[in-house]
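Student: Make a model of this:
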Amino acid sequence: MTRIQVAETGQARVLLTAEQGRRLDESGVVQARPSPYESGVWEVTPRGRVGVARVGDAEVWVTPKLPIDRLLFLVGYAADPKGWRDETVRLDVRDGLIPAIAQALWRQAERALSQGLLQGYRTIEESSYVLRGRLREGDQLRRRHGRVIPMEIRHDDFTVDIAENQILLAAVTRMLAVPRIGSEPRRRLTALRRRLAEVTSLVRGTALPRWHPSRLNTRYHTALRLAEIVWRATSPEQAPGSTATNGFLFDLPKIFEDFVTVAVSEELRARFGGAAYPQYHVHLDEAFAVRMKPDLVWELAGIPHAVIDAKYKQEKPAGYPDADLYQMLAYCTALRLPRGHLIYAKGNASAATHVVRHAGIEIICHALDLDAEPEAILSQVSMIVTDV
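Tutor: Numbering: from 1, shown residues only. Sure, this is the predicted structure:
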């Protein structure tokens, strides 16, 4: 198997066949282009994701420029600010991103199951020769045409086969399919899968079942949020075009956007009250034909008071090098706000303030230093909120 390793912001030059290069480019994991200078050499560039994926007979490792523990902090904070924040302190991140995530998953899952598998009531509809629960009269008439048995019944069953355990099993199963997760995490995850043997495995292609936080499933909360992260990051047998891909890939721009949205929302509510709305819907035009969705809008008494957009790096489409500024100007105009805030990752953009001519609208660009310690990152968020 061909192994390709490339840094998140770098480029790898690799000897590949034309078929391998084409598959890599079609996978969506990386961009692959034949070198104009050397025959058989392909230039492989990441597309904003980090992790590992198998594409045909090639294994691609995209390493983040962020320290692993910082990346895990961003992921964990966005998923569960109160429950996951200190987890990276106890993780061994020296072996890389994938083993660290596998380690976090089995630790959180074992903690959730330490008091035994959660049980709950599940409504079951089935055909039976014994009456349990209630008869579904409409289905009985429609399907049995006057016959008494079998009966179409509905009953509640107290079982471990509930959404919370199905989500944990799905994440554990997905993680076990990821290349090179390490022997200890693999052993622990395999043991967890055995403990969940009475739980229904999800059919390939289905979505995760929905769960709702409650007092009864409190001990599961952190593990479930991490399980959902694992589910989103794994990609078993995705097939854009004819290229099959499986692996574990984090979408860095989405991680950064989620972290900023959660951290800024919490800080705004704690200091000023009001309500912060992610993916806020607003229209640009009077006819309500052009809809926009800023990452975050903060309201006081139902009136927008601040608009924030998170960008992992500056968007520079051909012909529009300042597209982010144009977008924020549109947000401020539609929301009737005197200023807007763009939050970037430091190193991908610089802090600056722009005042729009003839409008007086201020667009403030912030740069978060993600190499800082977690508490220092949150202090930077606090300073940004002060300017809001």
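Student: From now on I want contacts and neighbour counts done on CA atoms only, so please keep to that.
Tutor: Will do.
Student: Double-check that Ala276 belongs to a strand.
Tutor: Yes. Assessed by DSSP: H, G, I helix; E, B strand; the rest coil, Ala276 belongs to a strand.
Student: What residues are bridge-paired with it?
Tutor: Listed by DSSP bridges, the beta-bridge partners for Ala276 are Trp298.
Student: mean confidence for stretch 199-210?
Tutor: Averaged across stretch 199-210, the pLDDT comes to 84.
Student: For it, buried residues please.
Tutor: Neighbour-count burial for stretch 199-210 flags 199-200, 208 (criterion: 16 or more other Cα atoms under 10 Å).
Student: Now secondary structure and distance to Leu169 too, for these, in TSV please.
Tutor: Listed next are these as TSV, based on DSSP: H, G, I helix; E, B strand; the rest coil; distance: Cα to Cα, whole Å:
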residue	secondary structure	distance to Leu169
Val199	coil	8
Thr200	coil	8
Leu208	coil	11
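Student: with those in mind, which one is nearest to Ile181?
Tutor: Proximity of the buried residues of stretch 199-210 to Ile181 (Cα to Cα) peaks at Leu208, which lies at 22.7 Å.
Student: So, low pLDDT: which residues of this structure?
Tutor: Scanning the chain for pLDDT under 70 picks out 80, 82-95, 235-246, 316-320.
Student: any idea how it splits into domains?
Tutor: 2-64, 68-117+162-234, 120-159, 254-387 (automatic domain parsing).
Student: Span of stretch 347-363 from start to end?
Tutor: Distance across stretch 347-363, first residue to last, is 19 Å (Cα to Cα, to the nearest Å).
Student: who's in contact with Pro179?
Tutor: 52-53, 247 (Cα atoms under 8 Å, 6 or more residues apart in numbering).
Student: hmm, try it at 7 Å
Tutor: Pro179 makes no contacts at all, as judged by Cα atoms under 7 Å, 6 or more residues apart in numbering.
Student: how close does it get to Ala171?
Tutor: 15 Å.
Student: Ok, Ala345 next?
Tutor: For Ala345 relative to Ala171 (Cα to Cα), the value is 29 Å.
Student: If you count surrounding residues, which of these two has more?
Tutor: Ala171 (26 against 21; other Cα atoms under 10 Å).
Student: and the closest residue in space to that one that isn't next to it in sequence, how many neighbours does it have?
Tutor: What sits nearest to Ala171 in space, not counting adjacent residues and going by Cα to Cα, 6 or more residues apart in numbering, is Ala227, at 5.1 Å. Neighbour count of Ala227, defined by other Cα under 10 Å: 26.
Student: give me the element Ala227 is part of.
Tutor: helix 221-233 (DSSP states H and E).
Student: Any buried residues in that helix, and which?
Tutor: Result for helix 221-233 [16+ other Cα under 10 Å]: buried residues 221-231, 233.
Student: and the helix or strand following it, how far from the chain's centre?
Tutor: Counting by DSSP H and E, the next helix or strand C-terminal to helix 221-233 is strand 245-251. With Cα atoms, centre = their mean, to the nearest Å as the basis, strand 245-251 stands 11 Å off its chain's centre.
Student: I'd like to know which elements the very next helix or strand once past strand 245-251 is packed against.
Tutor: Following strand 245-251 in sequence order, the next helix or strand is helix 252-272 (DSSP H and E). Applying 3 or more Cα pairs under 7 Å, 6 or more residues apart in numbering; DSSP states H and E, we find helix 252-272 packed against helix 68-79, strand 275-278, strand 303-311, helix 374-387.
Student: Nearest to Lys254 among the ones you listed would be which one?
Tutor: strand 303-311 (8.9 Å).
Student: Buried residues in the helix or strand just after that closest one, which are they?
Tutor: The helix or strand immediately downstream of strand 303-311 is helix 323-335, counting by DSSP H and E. Neighbour-count burial for helix 323-335, counted by 16+ other Cα under 10 Å, picks out 324-325, 328-332, 335.
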